[in-house]
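**Q** sequence first, then the predicted structure, then my questions.
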Amino acid sequence: MKKAEKKILIVDDEEDILEITRYNLSREGYQVICVTSGEDALKKARSEIPNLIVLDLMLPGLDGLEVCKLLKNDPKTSHIPIIMLTAKDEEADIVTGLELGADDYITKPFSPRVLAARVKAVLRRKNIEISQEEEPIHIHDLYVHPGRHEVKIKEKHVQLTHSEFRLLYFLGRRPGFVFTRYQIVDALRGSDYYVTDRSIDVQIVGLRKKLGSAGKYIETVRGVGYRFKE
């Protein structure tokens, strides 16, 4: 698919933000769709199926985090990458968004050129993910199939967010290897992505909880990071 054919959905209730974002992304060759509410974002995402969504968290009515959650839980839209826009410099919002499956974030006020670069980077990573032929892994009593986005423990299905699934697959396909938090985020989101220690720790805690008894396979290496038990 050519870049000119890629659709970007922008969700923000500030008209000046929409206009400058529309202008700059259109100049980059994207087809840009703009909406001002969470409710309209859901409708457009499901009807247009954009290649990427730029989503403001501070929306009237249905806020951005709830929109992100609903989109990631819908099989029709769960694959669409999301870049969060936030005026809050609060770690909790960023962590929550990443837990829900967002791919990146940028804090207001932002440079349109930086946003355009982030959009390009996320789309590039998405294309790499799609093109990679990744094999299923079967270790201990855990089965992970990347193509079907399927996780089973003793034949029982486990529901994970997009971020949790990628984290599990990354660790599980290299059992015994120890990865730092920054190696993990670099592999999952790219080297230009800023992450706090807590954001990775929170995702590990959530992943272990969902895996139940299999959560013990993800080991903490004190002072270093994490590994999947051999």
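**A** Now that the structure is in, tell me what you want to look at. Residues are numbered from 1 along each chain as shown.
**Q** do you know the pLDDT at R148?
**A** Reported pLDDT at R148 in the predicted model: 75.
**Q** wasn't it part of a helix?
**A** No - for R148, which was evaluated using DSSP: H, G, I helix; E, B strand; the rest coil, the result is coil, with no helix membership.
**Q** could you list the low-pLDDT ranges of this structure?
**A** Within the chain, the ranges that satisfy pLDDT under 70 run 1-4, 88-90, 127-134, 189-198.
**Q** in it, which spans are helices?
**A** Chain-ordered helices for the chain, with DSSP state H as the definition, fall at 15-27, 38-48, 64-72, 91-100, 112-131, 162-172, 181-189, 197-211.
**Q** out of these, nearest to P146?
**A** Nearest to P146 among the helices of the chain is helix 162-172; the distance by CB to CB comes to 5.7 Å. Any C-beta I mention is one placed from the backbone N, CA and C, and that applies to glycine too.
**Q** centre of the chain to the closest one, how far?
**A** Relative to its chain's centre, helix 162-172 lies at 11 Å (CA atoms, centre = their mean, to the nearest Å).
**Q** out of the helices of the chain, nearest to V224?
**A** Of these, the one closest to V224 (CB to CB) turns out to be helix 181-189, at 9.2 Å.
**Q** tilt between that closest one and helix 197-211?
**A** Between the axis of helix 181-189 and that of helix 197-211 there is an angle of 70 degrees, by axes from the mean of the first three to the mean of the last three CA atoms, to 10 degrees.
**Q** packing partners of helix 181-189?
**A** The criterion is 3 or more CB pairs under 8 Å, 6 or more residues apart in numbering; DSSP states H and E, and the helices and strands that helix 181-189 contacts are helix 162-172, helix 197-211, strand 225-228.
**Q** quick one: residues in contact with it.
**A** For helix 181-189, the external contacting residues (CB atoms under 8 Å, 6 or more residues apart in numbering) are 103-104, 125, 163, 166-167, 170-171, 179, 193, 195, 197, 199-201, 225-226.
**Q** show the buried residues in those.
**A** Neighbour-count burial (16 or more other CB atoms under 10 Å) applied to the contacts of helix 181-189 gives 103-104, 125, 163, 166-167, 170-171, 179, 193, 195, 199-200, 225-226.
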